[in-house]
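Visitor: Fold the stuff below for me.
(3 chains)
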Amino acid sequence: MAELSCHASMMTTSKDAPPREDLAKGLWRQNPVLVHLLGLCPTLAVTNSVANSVVMGVATFFVLVGSSFLVSTVRRWIPNEIRIASYILIIATFVTVAEFGLQALVPDIYKALGPFVALIVVNCIILGRQEAFAGRNPVGRSVLDAVGMGAGFMLALLIMGSVREVLGSGTFLSVSLFGPRYEPWVIFVLPPGGFFTLAFVLLAVAWHKQRQTARARARATDEAVLVERVA
Amino acid sequence: MSAPSLLVSASPHLGAGDSTPTIMWNVVASLLPIVAVAAWFFGPSALLVTAAATAAAVATERVLGHRGTLGDGSAVITGLLLGLTLPAGLPLWMAVVGGVFGIAIGKLLFGGLGQNVFNPALLGRAFLQASFPVAMTTWPVPAAAGTWWALRGDNFAFPFTSPRVVDALTSASPLGRMKFEQQPTALLDLVLGTTTGSLGETSGLLILLCGGYLALRNYLNWRIPASIFATVAVLAGGLHQLDPRYPGALFMLFSGGLMLGAMYMATDLVTSPVTNRGCWVFGAGVGLLVVVIRIWGGLAEGVMYAILIMNALVPYLNRWTQPRVFGARPVEPAT
Amino acid sequence: MTDGAATGVAAQTPEPLPEPAAVRPSSLLVTLGAGGAVAGVLLVIAFGLTLPRIEANRAHALHLAVNEVLKAPARYDTLYVVGGALTKTPPPGVDPKKLEQVYLGFGPDGRAVGFAVGAAEPGFQDTIRLIFGYDPRNRKLLGMKVLESKETPGLGDKIEKDRAFVSQFDGAQPPLAGVKGKRAKPTDVAMITGATISSRTVIRTINNALGRLGPLLEAYRTEN
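Guide: Numbering: from 1, shown residues only, chains lettered A, B, ... in the order given. Okay, here's the model as predicted:
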């Protein structure tokens, strides 16, 4: 997994950010998948149905919040030299617990997710949050940050899973949407459909951001003109 | 593609008299007999499917493309070629999806004509094949419906609904029969086109003639089809000698989409190598992949994927086979 | 930093960065070791808590599958394949989970109805795992159920979802032969149009499994 090598030092917020900002930034403005393009492996691999996406999202959320809490709690006792090894140890523990849990609670979906539950260990979002945030911030803020980022990951997976299941099977959470005559676009539940869907979702997000920026700039210019006139 | 304001190439300069539109419209003209024969075999369904794919390709180019790119005729070619790779009974809305995908994703997203990496018609077909595997492999039998006028499938299925099963006779394609049932098809049927298959997969002879016209006018590089045919013939013939269970060279050449693919899709000016040596290598690669996929792959037909895979290698082929500048010596690596 | 000093550039460099306080290797080991011990304890607790549920889930899934392919037997026994024969009790010292298992179902009258046998072979996309019921007395199949496959949705996955295909295995006589179109003999199985490879894999899997285990199953019947 090449994901481990990606940069983790980005995505920090200033020390005086309000708690609301710690929580909210991961959901949209710094969404780990849609903006930072982290954790793409599960985003592409397991989102061929809404149920799979939700279970994967919940498992990752659990691991992320648990790891951030623990890392932040013990951060003062971890020597700098072995911090990555310690983070991985903590993350791997939570992943294994999540694996047992899924196996006990939702065995069918656990089977469908295949090796990707175990691969949460190398999900860059999780190690990234430990290195960038939980390892250097107090427990409260770290948990808020993890909750926001985990929710952002879930949101991205949910979007992917919805598009792919609706188009690829004509259902949502296995409930038929368009009746028996609908011809499913099989490609969307196959791997290439994952890439297509991700591309279009990212396109939509980028387009939305561009429009927002353009609007903000136009507003700023208007204000400047107004100020000049008044003066 | 707008005319470039400055052309840079090595001397001597001599105007060829051909422009992109001249070549493209010649290709369109050479495709019309193939469409006509498809209509002869498959009735109005053939015309409907081809028209739907072409209309979708042209409309997409018009809406999403730069202004004035319709006149070069390349969107028409994409639409016609896509139509010819589809089965006659395909619902028209699926043909439209293929045309839109081929032009929008396969061509305009890369920057329009001349920028695309993959053949747009084949990308459209690949998308349809992966999206609607059942509809894309339901092959009507040519000239088997009661009258010429009968539709060969549920062409008018409402958009986004599955085609209804109609009474048109369908059968496995010759390649599928060979691969999964070890039943060969008579060679004469393959040459004339009286077999099942997609619209333009049928008459090998006619495609050879139409493609030959383009090769004579030098609108396609004859080395590509020659290289594909030679590779397939040698490999298939050799394997047939080793084990007669494998189909022979002539069957391989005239079945499936090999003729149409070799003549019209592998030779796409944009997605094939620019050097003649590159064309030989490109054709050999396509031929090798076709034989490998057909004989050892899970699918019966491999022309589409073979060409798409080799399309991706074209930039490398161009670099490897770049002619040496006259008088230049290879630079000795500095010690 | 040390390289610079060795080549004499140190004079030009400003104050060297403060070296972090030296950490003793033993403290690193202690930290990681303690972390590992805590993690281990946590995992054992989680494992212990979830194990009953996981085993129950597995047993339930197996129960459903055996029920389906043996047409709801009153009860069934697990038999182990040991040294070319079936036995009810695994040899001591061998983990019974590692032995190949077949399931012998009994009707309400206590008579054996047949065996449920699991088998797997590579299909079009990935390995297809299935279980089938076999009655060695009459030498016919009782049913087939695909347990795991990743075949193409809408095409290859008909081997699990197409009732017409699945129901052919009830009463079919091995060795099976795949045919195109209608089945004529009890040994025929009509393959799914457009999914020939997936259909063939199911047929081949059953034939191979019976080729291997068939004599064992028949021998076990005659011993009782």
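Visitor: Report the buried residues of the helix or strand hosting residue B:191.
Guide: Secondary structure assignment for residue B:191, by DSSP states H and E: helix B:187-192. For helix B:187-192, the neighbour count (16 or more other Cβ atoms under 10 Å in any protein chain shown) marks B:189, B:190, B:191, B:192 as buried. Just so you know, the C-beta spots here come from the backbone N, C-alpha and C atoms, and that holds for glycine as well.
Visitor: Switch those over to a markdown table; also include distance to chain A.
Guide: Conversion of these to a markdown table gives the following (distance: Cβ to the nearest Cβ, whole Å):
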| residue | distance to chain A |
| --- | --- |
| B:189 | 32 |
| B:190 | 30 |
| B:191 | 34 |
| B:192 | 34 |
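Visitor: And the average pLDDT for the helix holding residue B:191 is what?
Guide: Here helix B:187-192 scores 79 as its mean pLDDT.
Visitor: so residue C:67 sits in a strand?
Guide: No - going by DSSP: H, G, I helix; E, B strand; the rest coil, the assignment for residue C:67 is helix, not a strand.
Visitor: For stretch A:181-188, list the C-alpha coordinates in PDB.
Guide: Coordinates of each C-alpha in stretch A:181-188 appear next as PDB, following Å, rounded to 0.1, in the frame of the first residue of the first chain:
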ATOM      1  CA  ARG A 181     -38.000  -2.900 -16.100                       C
ATOM      2  CA  TYR A 182     -34.900  -0.800 -15.200                       C
ATOM      3  CA  GLU A 183     -31.800  -1.900 -17.000                       C
ATOM      4  CA  PRO A 184     -28.900  -1.600 -14.600                       C
ATOM      5  CA  TRP A 185     -25.600  -0.100 -15.800                       C
ATOM      6  CA  VAL A 186     -23.500  -3.000 -14.600                       C
ATOM      7  CA  ILE A 187     -20.200  -1.100 -15.100                       C
ATOM      8  CA  PHE A 188     -21.000   1.000 -12.100                       C
END
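Visitor: Can that stretch be said to contact chain B?
Guide: Yes - with Cβ under 8 Å from any Cβ of the partner chain as the criterion, chain B is reached by stretch A:181-188 at A:181, A:182, A:183, A:185, A:186, A:187, A:188.
Visitor: swap in stretch C:115-124?
Guide: Yes - judged by Cβ under 8 Å from any Cβ, stretch C:115-124 comes into contact with chain B through residue C:124.
Visitor: Which positions in that stretch come out as buried?
Guide: Within stretch C:115-124, the residues scored as buried using 16+ other Cβ under 10 Å are C:115, C:116, C:117, C:118, C:119, C:120, C:121, C:123, C:124.
Visitor: Please export the C-alpha coordinates of the lowest-mean-pLDDT helix or strand in chain B as PDB.
Guide: Every helix and strand of chain B was ranked by mean pLDDT, DSSP states H and E. The lowest is helix B:174-181, at a mean of 76. As requested, C-alpha coordinates have been extracted for helix B:174-181 and formatted as PDB (Å, rounded to 0.1, in the frame of the first residue of the first chain):
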ATOM      1  CA  PRO B 174     -19.100 -17.700 -34.800                       C
ATOM      2  CA  LEU B 175     -16.300 -17.000 -32.300                       C
ATOM      3  CA  GLY B 176     -18.500 -17.900 -29.300                       C
ATOM      4  CA  ARG B 177     -19.600 -21.100 -31.000                       C
ATOM      5  CA  MET B 178     -16.000 -22.000 -31.800                       C
ATOM      6  CA  LYS B 179     -14.700 -21.200 -28.400                       C
ATOM      7  CA  PHE B 180     -17.400 -22.700 -26.200                       C
ATOM      8  CA  GLU B 181     -18.900 -25.400 -28.400                       C
END
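Visitor: where does chain C come near chain A, residue by residue?
Guide: Residues of chain C lying near chain A by Cβ under 8 Å from any Cβ: C:20, C:23, C:27-28, C:31-32, C:35-36, C:39, C:42-43, C:46-47, C:49-50, C:53-54, C:57-58, C:61, C:148, C:152-155.
Visitor: and the helix or strand that contains residue C:102, average pLDDT?
Guide: Element membership for residue C:102 (DSSP H and E) is strand C:101-106. Per-region confidence: strand C:101-106 scores 89 on mean pLDDT.
Visitor: what's downstream of it, the next helix or strand?
Guide: Scanning forward in sequence from strand C:101-106 by DSSP H and E, the next helix or strand is strand C:112-122.
Visitor: contacting residues around that following strand?
Guide: Applying Cβ atoms under 8 Å, 6 or more residues apart in numbering or on different chains, the set of residues contacting strand C:112-122 from outside is C:65-66, C:69-71, C:73, C:76, C:79, C:101-107, C:127-136, C:142, C:147-148, C:201, C:204-206, C:208-210, C:213, C:217, C:221, C:224.
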